[in-house]
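J.: give me the fold of what follows.
(2 chains)
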Amino acid sequence: MRRKCIYYPSRPINTLDNMTEDIRVRYAPSPTGHLHIGNARTAIFNWLFARHYNGQFIIRIEDTDSARNIADGEKSQLDNLAWLGLDWDESPEKPGKYGPYRQSERNEQGIYQPFIDELLAKGMAYKSYKTSEQLASEREAQQAAKQAPHYIYEYEGMTAEEREAKYEEFEAQGLKPVIRFRVPEDRTYAWEDIVKGHIEISGKEIGGDWVIQKADGMPTYNFAVVIDDHLMAISHVLRGDDHVSNTPKQMMIFEALGWDIPQFGHMALIINGETGKKLSKRDENVLQFVEQYKELGYQPQAMVNFIGLLGWSPKGEDEIFSLDEFKQMFDETRLSKANAKFDQKKLEWINNQWMRRDLDNVMPQLIRELVSAGLISQSEADNKVDWLSQVIKVAGVEGISYTREIVDLVRKPFFELNDITDEMITYLTSEDGRKVFEAWETAYLAMPETATAEDYMNTIRHIQSTLEIKGRNLWNPIRIATTHEVQGPNLPEMLVVLDRSKVIATMNQVKATYLV
RNA sequence: GGCGCUAUGGUCAAGUGGUUAAGACGUCGGCUUCUCAGGCCGAAAUCGAGGGUUCGACUCCCUCUAGCGCUACCA
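T.: Below is the predicted model:
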């Protein structure tokens, strides 16, 4: 059964605000790449959980696989988290009293070794010298026999002394051991999951004795997590569904060491809409990384808004929320149990909403897009901020999904002119076209530079009534003469923004080329 | 194969025995008497299937099916 109350250590946290100081959650990425959408989601929900209950949010780097760590992985992750608006109480750069915050450093300091030794001494773990070839052939044999892969304990029936003797024998052969945990298969591991309710898994289903320390001396993930979560006083673990089957392994270590077990919550996964599978870093067809969205000009608030609604729903009907609003509303019982497809269209819509809501703040970014697209130089842009923001508004920012899209919207006719097509020539040189052009040219030249969109509209309406020409036959010749386009934003508004001398030059050019 | 989890429209989802089954994205249609964008209005679901329980089931139970996850000296 799901319940709103989370017990830690044994009291409902919602009833007493001053009890919430015990809440400590963590985001624990491995620095193998940039911040993935899925990881961002885990981080955001952990942050929300911590902040909603006035708890602490800490970041721990799980870099026990040195082969997979990449140079700037950690920095990039943290930078992107900060960009999203998250903050944290403890991290490698902001050590608290539970440091260090990188598992590699914790290992160097010998934090894990005493617990490995303790388990060894208690006979709950042992040294295993099987080679990867042996392991592979055992597994193959099991699969061939249609059995579930299961580790085969090599010291069955031996006394401790006999086992020690074996160790020496293997060592003499120059073999390096890993440490395996002796899994109690008669136990059932059960917990009340914060999102999924009651879950239980039999010790028999673990797959047998698993490695807690690798041959290189590094602890494995499932072991280090337990040690660190305990030592760092983590009270709640909110993570992806894909960790459900790790949970019993971790529980047995907590138990073996005599420690309290944190509350677990396993969130449904984000899946790829096309493949239906867990969103994977290898899916090239979906933008996977927060950084990619940032580069296209998605707003951090929009990313948070979108992710916050993926696998979680608020009570009312609103859809646009800030991080702070999510924090106020957060309720772990509203976390969805079913996987959610990543819907890029919805993200686009949410980002559009945020850009419009926050247009003044987004404007500098929009202008920067024009500079990086080479439409205008930086110095010129600096001098024409007001004009550029008018152009951007007239061109239709209201319709774009992310800032990068403004470039193509604004390019023509504000920075370049289209070629005149045959269709345009037809509009221009028709009988109506010639009349309209002449009337328009006269009217426009008579108008002051300060004319408003309304003035231009009135002028065009006036031509409509005197010439009795309307619709495209009226508008297109004017559009073509001034912008070389037959479609685009509202013409009167464009005319306000367009440089008058350029418009006149364009009109003269059109006239000389097609209307003499 | 085994174990675990999940199942409301194309998508995100509300819904906890009696509702016309919310809302949003997307799609389609109409209007906004130049186009595009925007705005406004409107349309579309036998609640995975089959059995029960009940006066009554999207809601409870059982079975099936499907999907996903895990099954490493990765995390």
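J.: ok, now which ones touch the closest residue to A:Phe414 other than its chain neighbours?
T.: Leaving out its chain neighbours, the residue that sits closest to A:Phe414 by C-beta to C-beta, 6 or more residues apart in numbering is A:Val391, at 5.1 Å. For every residue, glycine as well, the C-beta is placed using N, CA and C. By C-beta atoms under 8 Å, 6 or more residues apart in numbering, the contact list for A:Val391 reads A:Val410, A:Phe414, A:Val497.
J.: any idea which of the residues you listed is closest to A:Tyr427?
T.: Nearest to A:Tyr427 out of the contacts of A:Val391 is A:Phe414 (C-beta to C-beta; 21.6 Å).
J.: so what pLDDT did that closest one get?
T.: In this model, A:Phe414 is scored at 96, pLDDT.
J.: confirm the residue nearest to A:Phe414 sits in a strand?
T.: No: looking at A:Val391 with DSSP: H, G, I helix; E, B strand; the rest coil, it is helix, so not inside a strand.
J.: next, count neighbours for A:Ile23.
T.: For A:Ile23, the neighbour count with other C-beta atoms under 10 Å is 22.
J.: typo on my end, A:Ile199
T.: 15.
J.: how about the residues of the stretch 151-300 of chain A near RNA strand B?
T.: Applying C-beta under 7 Å from any atom of the strand, we find that the stretch 151-300 of chain A lies next to RNA strand B at A:176, A:178, A:196-202, A:205, A:207, A:210-211, A:214-216, A:218, A:220-222, A:241-246, A:268-269, A:271, A:273, A:275-278.
J.: quick one, what contacts A:Glu74?
T.: Applying C-beta under 8 Å, 6+ apart, the residues near A:Glu74 are A:Pro29, A:Pro31, A:Ile61, A:Asp63, A:Pro92, A:Arg102.
J.: show me which residues of the stretch 351-500 of chain A are close to RNA strand B?
T.: Checking the stretch 351-500 of chain A against RNA strand B by C-beta under 7 Å from any atom of the strand, the hits are A:396, A:398-399, A:470-472, A:474-476, A:479, A:487-492.
J.: surely A:Gly33 meets A:Gly73?
T.: Yes: here A:Gly33 reaches A:Gly73: they are 5.8 Å apart, a contact under C-beta atoms under 8 Å.
J.: ok, back up a step: with distance to RNA strand B and secondary structure added, can I get the contacts of A:Glu74 in TSV?
T.: TSV is the format used below for these (distance: C-beta to the nearest atom of the strand, whole Å; DSSP: H, G, I helix; E, B strand; the rest coil):
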residue	distance to RNA strand B	secondary structure
A:Pro29	7	coil
A:Pro31	9	coil
A:Ile61	8	strand
A:Asp63	7	coil
A:Pro92	14	coil
A:Arg102	11	strand
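J.: number of residues surrounding A:Arg500?
T.: A:Arg500: 15 surrounding residues under other C-beta under 10 Å.
J.: what of A:Lys345?
T.: 9.
J.: dihedrals phi and psi, the closest residue to A:Val407 other than its chain neighbours?
T.: Leaving aside its chain neighbours, A:Val407 sits nearest to A:Ala373 (4.3 Å; criterion: C-beta to C-beta, 6+ apart). Backbone geometry at A:Ala373, expressed as degrees, to the nearest 10, gives phi -80, psi 0.
J.: cool, and A:Thr159?
T.: phi -80, psi 170.
J.: what residues does it make contact with?
T.: So A:Thr159 contacts nothing (C-beta under 8 Å, 6+ apart).
J.: now do the strands in chain A.
T.: Ranges of strands in chain A, per DSSP state E, are A:24-27, A:56-59, A:125-128, A:178-181, A:188-193, A:197-202, A:210-213, A:236-240, A:263-267, A:270-271, A:340-341.
J.: what comes into contact with the second one?
T.: Yep, that's strand A:56-59 we're talking about. Under C-beta under 8 Å, 6+ apart, the answer for strand A:56-59 is A:23-29, A:46-47, A:50-51, A:78, A:81, A:86-92, A:96, A:98, A:101, A:232, A:234.
J.: alpha carbons only: can I get it in PDB?
T.: Coordinates of each C-alpha in strand A:56-59 appear next as PDB, following Å, rounded to 0.1, in the frame of the first residue of the first chain:
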ATOM      1  CA  GLN A  56      19.200  18.000   2.900                       C
ATOM      2  CA  PHE A  57      20.200  17.200  -0.600                       C
ATOM      3  CA  ILE A  58      23.700  15.900  -1.200                       C
ATOM      4  CA  ILE A  59      25.700  14.900  -4.200                       C
END
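J.: any idea how far it is from the chain center?
T.: In this view, strand A:56-59 has its centroid 19 Å away from the chain centroid, taken as C-alpha atoms, centre = their mean, to the nearest Å.
J.: lowest mean pLDDT among the helices and strands, pick that one out for chain A.
T.: Between all helices and strands in chain A, the lowest mean by mean pLDDT, DSSP states H and E belongs to helix A:132-144, at a mean of 90.
J.: does it come close to RNA strand B?
T.: Yes: judged by C-beta under 7 Å from any atom of the strand, helix A:132-144 and RNA strand B are in contact via A:Ser132, A:Leu135, A:Arg139.
J.: so what pLDDT did the residue in chain A positioned nearest to RNA strand B get?
T.: The minimum distance from chain A to RNA strand B, using C-beta to the nearest atom of the strand, falls at A:Gly399 (1.9 Å). A:Gly399 is assigned 95 on the pLDDT scale.
J.: report how many residues lie close to it.
T.: A:Gly399 has 11 nearby residues by other C-beta under 10 Å.
J.: quick revisit: which of the contacts of A:Glu74 lies closest to A:Thr188?
T.: For those, the nearest to A:Thr188 is A:Pro29 (31.2 Å; C-beta to C-beta).
J.: mind listing what the closest one touches?
T.: A:Leu35, A:Asn39, A:Ala43, A:Ile59, A:Ile61, A:Glu62, A:Glu74, A:Gln77.
J.: would you mind measuring from the second one to A:Lys176?
T.: The span separating A:Asn39 from A:Lys176 equals 33 Å under the rule C-beta to C-beta, to the nearest Å.
J.: the two - which one has more neighbours?
T.: Each of A:Asn39 and A:Lys176 has its neighbours counted (other C-beta under 10 Å); A:Asn39 has more, 22 against 13.
J.: so what's A:Val436 closest to, chain neighbours aside?
T.: A:Pro477 (4.3 Å).
J.: and the pLDDT at the one you found?
T.: pLDDT, A:Pro477: 96.
J.: tell me how many other residues crowd it.
T.: 28.
J.: that one contacts A:Ala439, doesn't it?
T.: No: judged on C-beta under 8 Å, A:Pro477 makes no contact with A:Ala439 at a distance of 9.6 Å.
J.: give me the buried subset of the contacts of strand A:56-59.
T.: If you count burial by 16 or more other C-beta atoms under 10 Å, the buried members of these come out as A:23-29, A:46-47, A:50-51, A:78, A:81, A:86, A:88, A:90-92, A:98, A:101, A:232, A:234.
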